[in-house]
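Novice: Show me the folded form of this:
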Amino acid sequence: MLHLEHFHFELAFEYPFTTHKGTKTAQPSLLVSLGLGPLKGYGEAPAISYYNVTVPEMQALLEEKRGMIERYALTDPHRFWHFLHHLIPGQHFLTAALDIAGWDLFAQLRRQPLYHLLGLKWENLPMTDYTIGMGSREEMVQKMKAHPWPIYKVKMGTASDIDMIRALRANTDVPFRVDANEGWTFEEAKELIPELQKLGVTLVEQPLGRKERDAMKELKKISTLPVYADESCQTEGDVSKCLDGFHGINIKLTKCGGITPAMRMITEAKKLGMKVMIGSMNESTIGSAAIAHLSPLLDEMDADGPLLLKEDIAEGLTYDHGKVQISNVPGLGVKFWREKREK
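Specialist: Purely as a prediction, here's the structure:
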C-alpha cells in the first residue's frame, strides 16, 4: 500500500522574478511523496496564480482522495496517470506532481535511473538556459554579469525591449532566447523579430496571446526566427493546433499533467516536424530533475529553476555552465532535505 505525504513550500527567489504577467519574490510549491516500504518517490507542482492554482487547494484535494491514491497498486506509471486523470479530472498541476512521484518510485523499484527506464541514452543533451526576469536595464545587466552562462532566456514585454536587449548584448556575446509571455501585438512582433535576430536572439517564445491563432499563422510565415508555443500549448490536445502558428513547442510538465502526457506530446510534435523544449516553472531540484531525465528527447531545455532560487529543498542535480547532470542513481536521483519540511 502506498503512503502519501505532501508539503507546502514558499521558495524564495534570489531576485524578484518579473514577467509580463507580474512579479513574485517566492514560488509557492507543492511537494508530494509516494512511499512503498523504504522507498519514496517525489514529485513537485509549482502553484501559478494566473492559472488559479494554489497549494492549499491541491493539498485539500489530496486529503479528499488520499484513501483511493494510497490503495492504488503501482504496477505501471502509465496506468497510474490514467487513474489520476479520472480521479482528479482537470487537475493538471496536482496530477503532474503525483505522476512524477509515481515514475520516481517505479524506477526505484526497478533499480534504474528514470531516463534508462524510459529507454533513453544519456547523450545528445541540450544545455539549459539561465532566465533573466524583467527589470531596469541596469538590473538585468547586473543579473547577467552575476551569473555567467552560455545561453540566456530574457523575459520581454515592454516598450523598451530592444534597448534592453542591446544593453545586454553590449556585455556578452552568448546567444539569447526571448520570452514575451503573450506580451506583444502582431505589429510589435513583426517589427521586433528582425531586430532581435540581428542582436543574436535564436528563438522567440509565445510572442502573441494564445487566442490569436490567425495572427500567429501570419507571424510564422514572415518570422526570421523560430517561434515556440508556450501558453498556446498546455496539454496534449494543443500540439497539433500549434503546427500552423509555431515552429516548436515548450512543454511544461506541470501544465500538461506530468511525465506521462509529456512523452506523448514529444512524440506527436516530432511526428509533425516540430521542435521540442521542456520549460521550467521555477521548480526546485525535484521538478527540475524530472525535466532533466527527459533531456535526451529535447531540442532545447529550460531547466534553470534551482538556479533562480535562493533556497532549494533537495539535492541530486548539478549545473556546469549550461550542462545539467543527474546523480544517476535509481529514480529521479534526488534526495529531499526533510529538515526543510513544510513551514
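
Novice: rest of the way, CA atoms for contacts and neighbours
Specialist: Will do.

Novice: Flag every buried residue along stretch 309-317.
Specialist: Buried residues in stretch 309-317, counted by 16 or more other Cα atoms under 10 Å: 309, 312, 313, 314, 315, 316, 317.

Novice: Please name the nearest non-neighbouring residue to the second one.
Specialist: The spatial neighbour of residue 312 that comes closest, neighbours along the chain excluded (Cα to Cα, 6 or more residues apart in numbering), is residue 284 at 5.8 Å.

Novice: Strands of the stretch 51-200 of the chain, start to end?
Specialist: 130-132, 152-155, 176-179 (DSSP state E, counting those that start in this stretch).

Novice: Please compute how far the last one lies from its chain's middle.
Specialist: Same thing as strand 176-179. The chain centre lies 15 Å from the centre of strand 176-179; the measure is Cα atoms, centre = their mean, to the nearest Å.

Novice: ok, back up a step: count the neighbours of the residue nearest to residue 312 for me.
Specialist: When neighbours are defined as other Cα atoms under 10 Å, residue 284 has 29 of them.

Novice: mind listing what it touches?
Specialist: Residue 284 sits next to 305, 306, 309, 312, 313, 314 when contact means Cα atoms under 8 Å, 6 or more residues apart in numbering.

Novice: Which strands or helices does the longest strand seen in the chain pack on?
Specialist: In the chain, taking DSSP state E as the definition, the longest strand is strand 3-19. With contacts defined as 3 or more Cα pairs under 8 Å, 6 or more residues apart in numbering; DSSP states H and E, the packing partners of strand 3-19 are strand 22-36, helix 55-70, helix 305-308.

Novice: For the closest residue to residue 256 other than its chain neighbours, list the residues it contacts.
Specialist: Residue nearest to residue 256 in three dimensions, not counting chain neighbours: residue 235, with 4.4 Å by Cα to Cα, 6+ apart. By Cα under 8 Å, 6+ apart, residue 235 lies in contact with 255, 256, 257, 261.

Novice: hang on, isn't the first one packed against residue 93?
Specialist: Yes - applying Cα atoms under 8 Å, one finds residue 255 in contact with residue 93, separated by 5.9 Å.

Novice: Please name the nearest non-neighbouring residue to residue 87.
Specialist: residue 65 is the one closest to residue 87 (Cα to Cα, 6+ apart), at 7.9 Å.

Novice: Sorry, wrong one. I was asking about residue 78.
Specialist: residue 260 is the one closest to residue 78 (Cα to Cα, 6+ apart), at 6.2 Å.
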